[in-house]
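Trainee: have a look at this prediction, sequence included:
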There are 2 protein chains.
Amino acid sequence: MAITIKDIANKAGISAASVSRILTNRGRFSEETAQRVRELANEMGYFKNQSAADLSQKTSRVIGILVPTNHTNFADEIIKGMQKKAYELGYELLIAFVETDSQQQIKTVRSLLSRQLLAVVMLAIDIEDAVLDVLNSADVKLLSVSNQLNNDIPSISSDNYAMMHTIVDYLYAHGHRQMALIGASDPDPIVAILRRQGYIDALASHGITYNPDFIWGVEMAFQTGIDAIKKFGLPLPFTAVIGSADIISIGLLNGALDAGISVPNDLSIVTVDGTELTQLTRPILTATQQNFAQMGELAITNLANPSRSPHSVIFTDITLIPGGTVATIG
Amino acid sequence: MAITIKDIANKAGISAASVSRILTNRGRFSEETAQRVRELANEMGYFKNQSAADLSQKTSRVIGILVPTNHTNFADEIIKGMQKKAYELGYELLIAFVETDSQQQIKTVRSLLSRQLLAVVMLAIDIEDAVLDVLNSADVKLLSVSNQLNNDIPSISSDNYAMMHTIVDYLYAHGHRQMALIGASDPDPIVAILRRQGYIDALASHGITYNPDFIWGVEMAFQTGIDAIKKFGLPLPFTAVIGSADIISIGLLNGALDAGISVPNDLSIVTVDGTELTQLTRPILTATQQNFAQMGELAITNLANPSRSPHSVIFTDITLIPGGTVATIG
DNA sequence: ATAAATTGAGTAAACGTTTACGCATTATTA
DNA sequence: TAATAATGCGTAAACGTTTACTCAATTTAT
């Protein structure tokens, strides 16, 4: 049988209420009694029954996180950032992996919501309407991280549109005029749409009309990179390619290798994300690095201080980190 | 204000107890009333307050999982396996990332334990005694996955000792007589010790006395692989090397590349783990693949049916998957 | 037609913690 | 020294759900 505050109260010869006040550090009590109670709690191996506490105080300090099972490894970095801040501010994180299957998603979300949650954070998920309905029917705060949703959900993300300007400008400055964009397309993620538009507009700002054929991709996967090179064939009709995720870019690099294309001499590559995966290749990938840890920390800070306007988007930093996959040409 | 079973009961004109019986599908009730209640619950947007339920029924279906923040990517595969089985059997997973900092670990574990947990699963963690004490002081089942601990905790893992025999035999059959083993050493994980012994004994079974210099490593990281090649210098004193984790092996491969060593012509590599990372390199890594999904599923099945002896170790499958990093020599 | 068994549903207590309220006791102020 | 304020702590209700017990109504068996 687990130890309760009543047990401690009995042993200390005081009431359960006092023990509760002491252990939660709320209300009035003498330091003397407090010391004794804290010692007893330790000795007796007391564990707070959080369920009872949650039930009693209607508010909660638990934040649920929805992570897609097919997540790229940056999700971990975001979660780490969240953990750090949550730890500082005394919040608790409840991580749930969700499959792409909508029915299972709903079941997972319902089980999440059956705990009194302060908020639900969606990590790089294009949430389906059915699932969103369930979330909305519970009165819980929502926050989207590393994704910009087109509904009223506030989000924290890189500026995917601006990011493409950074990359296109960089490649342009290195003499590139023909560049492809390889990313996911099915189902079309909002992020992909934004990046595509950024890419098109950035090219336009340099007086280049984009070639629709140069935008291609299936999913955020290694194979998409491999297939992209095969699809365009030799000689490649462009001098540079932008991979919309590190894993795609590694696919591009290896696809090029397989086809006897030398990187960066024959083909320049810039990748988006800039996780540690970029260090695993030779040459090391040139990347626009997103600040995932910052996203995570901001997510928690933001939920803790609900001072901002509801529909807003907060952008986190982007840094272009030169690697060895971009050559100057022309 | 959230909807409670009392609200539903009022609207349906029955007692809360009946609603509870219907929604939990326990006890006696008429199908007629049940139908009406279920409809009402749906309409009114009812969410079970799991805290109240947990408090009422002393038993729980929540399984806590401790995942190291510096986890290699296979942890995800194990968690996916666990999720699948947990979903089938109606368990709930509570994932917590733990840092290496022992104090923070204890705080995380305590907050985990303050929910009524059925069990705590430790994922590839060499748990510290201080943390273990906390876990033991709560009456919660423990299970170690992807690690073999030397204390009384049951575990599910690959047979790390046998795995090394498989690899050494494979390399021996390809003509290799001098092979190095690169892994972590500080702090010395139990898994590393087992692999080392397996390596030594496997060599001995072929009449080869092992060279202590050939066992080296710092941590399970890319850099360890890079450094290993640098450390031994040219010409390498061995013809093959075993990387104790995919990420190390990629380091070895890139280290070799950097040093102008051709793989597999001048150096053969076999990696342990066999995650999708092995597909990202050229050549693709030859791997002894662990069955991580199986580990995850077994973990849940095992906790659900506590029929086995307490201190046992269950071994999961290992498969040698030939890639392009082993050459036949001699 | 009577006895026995089954069914549907209500009552009330229990789970462990928190907290508003109130009452002594002690400390502070004029 | 008397009035006032502050302190420490106990009482009791509340949170929402589950479940052992009960009992009337209905069904089945004899």
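Mentor: Received, thanks.
Trainee: specify the beta-bridge partners of the closest residue in space to A:Arg196 that isn't next to it in sequence.
Mentor: In space, not counting the residues next to it along the chain, A:Arg196 is nearest to A:Ile215; the distance is 6.1 Å by C-beta to C-beta, 6 or more residues apart in numbering or on different chains. Yep, even glycine has a C-beta here, placed from its N, CA and C like the rest. With beta bridges defined as DSSP bridges, A:Ile215 has these partners: A:Leu181.
Trainee: now do the contacts for A:Ile215.
Mentor: Remark: with contacts taken as C-beta atoms under 8 Å, 6 or more residues apart in numbering or on different chains, A:Ile215 is in contact with A:180-181, A:183, A:196, A:199.
Trainee: repeat that for A:Val121.
Mentor: Shown in contact with A:Val121 (C-beta under 8 Å, 6+ apart): A:63-66, A:82, A:142-145, A:299, A:303.
Trainee: and A:Met220, what does it touch?
Mentor: The neighbourhood of A:Met220, defined by C-beta under 8 Å, 6+ apart, consists of A:72, A:183-184, A:244-245, A:247-248.
Trainee: one more pass at 6 Å, please.
Mentor: Neighbouring residues of A:Met220 by C-beta atoms under 6 Å, 6 or more residues apart in numbering or on different chains: A:184, A:245.
Trainee: just the one 5 residues further on next, same as before
Mentor: A:Gly225 sits next to A:248, A:251-252, A:255 when contact means C-beta under 6 Å, 6+ apart.
Trainee: any chance of those residues in JSON lines, plus distance to A:Val191?
Mentor: As requested, those are exported to JSON lines (distance: C-beta to C-beta, whole Å):
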{"residue": "A:Ile248", "distance to A:Val191": "13"}
{"residue": "A:Gly251", "distance to A:Val191": "18"}
{"residue": "A:Leu252", "distance to A:Val191": "18"}
{"residue": "A:Gly255", "distance to A:Val191": "23"}
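Trainee: enumerate the residues of the stretch 1-150 of chain A near DNA strand C.
Mentor: Proximity of the stretch 1-150 of chain A to DNA strand C, by C-beta under 7 Å from any atom of the strand, involves residues A:1-2, A:4-6, A:16-17, A:20-21, A:23-24, A:26-27, A:46, A:48-49, A:52-53, A:55-57.
Trainee: just the buried ones from the residues you listed?
Mentor: Neighbour-count burial (16 or more other C-beta atoms under 10 Å in any protein chain shown) is assigned, among those, to A:4-5, A:20-21, A:23, A:46, A:48-49, A:52-53, A:55.
Trainee: helices - which of these land there?
Mentor: Restricting these to those inside helices, with DSSP state H as the criterion, leaves A:5, A:20-21, A:23, A:52-53, A:55.
Trainee: those residues: which ones sit near chain B?
Mentor: Intersecting these with the surroundings of chain B, defined as C-beta under 6 Å from any C-beta of the partner chain, gives A:52, A:55.
Trainee: now the helices for chain A?
Mentor: Under DSSP H, chain A gives helices at A:5-12, A:16-24, A:31-44, A:50-56, A:74-89, A:102-113, A:129-137, A:160-173, A:190-205, A:222-232, A:246-258, A:292-304.
Trainee: for chain A, what lies in contact range of chain B?
Mentor: By C-beta under 6 Å from any C-beta, the residues of chain A that approach chain B are A:45, A:47-48, A:50-52, A:54-55, A:69, A:80, A:83, A:92, A:95, A:97, A:111, A:113-115, A:137-138, A:250, A:254, A:257, A:280, A:282.
Trainee: ok, of these, which come out buried?
Mentor: The neighbour count (16+ other C-beta under 10 Å) marks A:47-48, A:50-52, A:54-55, A:80, A:83, A:92, A:95, A:97, A:111, A:113-115, A:138, A:250, A:254, A:257, A:280, A:282 as buried among these.
Trainee: can you tell me the closest non-neighbouring residue to whichever residue of the stretch 101-250 of chain A sits closest to chain B?
Mentor: Chain B sits closest to A:Ser114 of the stretch 101-250 of chain A, with a gap of 4.0 Å, by C-beta to the nearest C-beta. Taking C-beta to C-beta, 6+ apart, and ignoring the residues beside it in sequence, A:Ser114 has B:Gln50 as its nearest neighbour in space, at 4.0 Å.
Trainee: pretty sure the one you found contacts A:Leu113?
Mentor: No: B:Gln50 sits out of contact with A:Leu113 when judged by C-beta atoms under 6 Å, with a separation of 8.9 Å.
Trainee: check contacts around A:Asn254.
Mentor: The contact partners of A:Asn254, taken as C-beta under 6 Å, 6+ apart, are B:Arg282.
Trainee: give me that answer again for 7 Å
Mentor: Contacts were defined as C-beta atoms under 7 Å, 6 or more residues apart in numbering or on different chains; by that measure A:Asn254 touches A:226, B:280, B:282.
Trainee: got the phi and psi for the last one?
Mentor: Okay, so that is B:Arg282. Reported as degrees, to the nearest 10, the phi and psi values for B:Arg282 are phi -130, psi 120.
Trainee: quick check, it in contact with A:Leu257.
Mentor: Yes: using C-beta atoms under 7 Å, B:Arg282 is in contact with A:Leu257, at 5.1 Å.
Trainee: before we move on, back to that, among the contacts of A:Val121, which one lies nearest to A:Asp101?
Mentor: Nearest to A:Asp101 among the contacts of A:Val121: A:Leu66, at 13.6 Å, using C-beta to C-beta.
Trainee: tally up the residues packed near that closest one, please.
Mentor: Neighbourhood size, A:Leu66 [other C-beta atoms under 10 Å in any protein chain shown]: 23.
Trainee: would you agree it is in contact with A:Ala119?
Mentor: No: counting by C-beta under 7 Å, no contact exists between A:Leu66 and A:Ala119, whose distance comes to 11.1 Å.
Trainee: follow-up on the earlier one: out of the residues of the stretch 1-150 of chain A next to DNA strand C, which touch DNA strand D?
Mentor: Residues of those in contact with DNA strand D (C-beta under 7 Å from any atom of the strand): A:16-17, A:21, A:27, A:52, A:55-56.
Trainee: need the residues you listed in a markdown table (columns: pLDDT).
Mentor: Putting these into a markdown table (pLDDT from 0 to 100) gives the following:
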| residue | pLDDT |
| --- | --- |
| A:Ala16 | 94 |
| A:Ala17 | 94 |
| A:Arg21 | 95 |
| A:Gly27 | 87 |
| A:Ala52 | 92 |
| A:Leu55 | 91 |
| A:Ser56 | 92 |
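Trainee: pick out the most distant pair among the residues you listed.
Mentor: When these are compared pair by pair using C-beta to C-beta, the farthest-apart members prove to be A:Gly27 and A:Leu55, with a separation of 19.1 Å.
Trainee: on that earlier part again, which of the contacts of A:Gly225 tops the neighbour count?
Mentor: Highest count within these by other C-beta under 10 Å belongs to A:Ile248, 31 neighbours.
Trainee: tally of neighbours for the spatially closest residue to A:Phe214 that is not a sequence neighbour?
Mentor: Distance criterion C-beta to C-beta, 6+ apart; nearest residue to A:Phe214, sequence neighbours excluded, is A:Ala180 at 4.1 Å. Burial of A:Ala180 is recorded as 25 neighbouring residues (other C-beta under 10 Å).
Trainee: how near is A:Ala180 to A:His165?
Mentor: Using C-beta to C-beta, to the nearest Å, one obtains 17 Å as the distance from A:Ala180 to A:His165.
Trainee: show me chain A divided up by domain.
Mentor: A:5-48, A:59-157+A:293-317, A:160-290 (automatic domain parsing).
Trainee: quick one: the shortest one to chain centroid distance?
Mentor: Put plainly, it is domain A:5-48. In terms of C-alpha atoms, centre = their mean, to the nearest Å, the gap separating the centre of domain A:5-48 from the centre of its chain is 40 Å.
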